[in-house]
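Chemist: I would like the atomic coordinates for the input below:
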Amino acid sequence: MKGASPGDGLLTTLLQLDPIYARFQRSESQQRRLDDDLARGRLHLEAGGFTVELHHRDGTLLLEGGRIDYTDGRLDAATGTIPLRASLPNPGGRVLAGQAVTVVLRGAVHRNAIAVPQRAVMEGPQGKQVMVVANGDGEALVAQPRPVEVGTWIDLPGEGLEARQWIVTEGLQPGDRVIVDNLAKLRPGSTIVIAPVTADTPNENR
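Modeler: The predicted structure is shown next:
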């Protein structure tokens, strides 16, 4: 009987599935914005820093409770990104090696943030803008464009169009009224009528 020799085996790759590692990148602009928000006190990290979740591309939560365990100290000049890695518990091998997922970071709190529905933010000639309610002649209310700067987007509890919102870093003040409906029909100076919200009004039409 012939004994086995090194040339008789099949090449394979050993994979670690629990915990599993997720490699992702943070862009240079994202890192700069994060550092700036932390320095200005607009953003606060909870004790222990970010926690990491993996989501399916349809938004379904796959894994949670992960931590960033590696951040490359160098910028990848080819992609303009900073490589990172997170380690997550993966009981039962729910997520497979090589599977495409979305990495979601939790644990950052925006202090005194102003957020508006994503559908209210439009791309104008000078950048992003929203339409706000302003005083016109007499008692009339009119639509007025307002340039804004936005940070990241957030998902609020609930579902529908109101759940996904932009954090507005510049351009709006507390008390400003932002128009979210019929934006395609509005022009600067258009007279508007504010309809009262009732219990029967669907969230997406408010």
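
Chemist: and the strands in the chain, which stretches?
Modeler: Remark: strands assigned in the chain by DSSP state E are 20-27, 43-45, 51-55, 61-71, 81-88, 102-106, 108-110, 114-117, 122-124, 127-135, 141-147, 149-155, 164-170.

Chemist: let me see the domain layout of the protein.
Modeler: Taking automatic domain parsing as the criterion, the chain consists of the domains 20-110, 114-205.

Chemist: out of the ones you listed, which gets the lowest mean score?
Modeler: Note on these: domain 114-205 shows the lowest mean pLDDT, a mean of 80.

Chemist: in the chain, which residue is most central in space?
Modeler: Trp153 (3.9 Å; Cα atoms, centre = their mean).

Chemist: and that one, what does it touch?
Modeler: By Cβ atoms under 8 Å, 6 or more residues apart in numbering, the contact set of Trp153 is Gln118, Arg164, Gln165, Trp166, Ile167. (Each C-beta comes from the backbone N, C-alpha and C, glycine too.)

Chemist: the closest residue to the first one other than its chain neighbours pairs with what?
Modeler: The spatially closest residue to Gln118, leaving aside those adjacent along the chain, is Arg164, at 5.1 Å (Cβ to Cβ, 6 or more residues apart in numbering). Residues found in beta-bridge contact with Arg164 (criterion: DSSP bridges) are Asp155.

Chemist: who touches Arg164 in this structure?
Modeler: Neighbours of Arg164 in contact, by Cβ under 8 Å, 6+ apart: Pro117, Gln118, Trp153, Ile154, Asp155, Leu156.

Chemist: tell me how far it lies from Ala120.
Modeler: Between Arg164 and Ala120 the computed distance is 11 Å (Cβ to Cβ, to the nearest Å).

Chemist: ditto for Asp37
Modeler: Distance of Asp37 to Ala120, computed by Cβ to Cβ: 22 Å.
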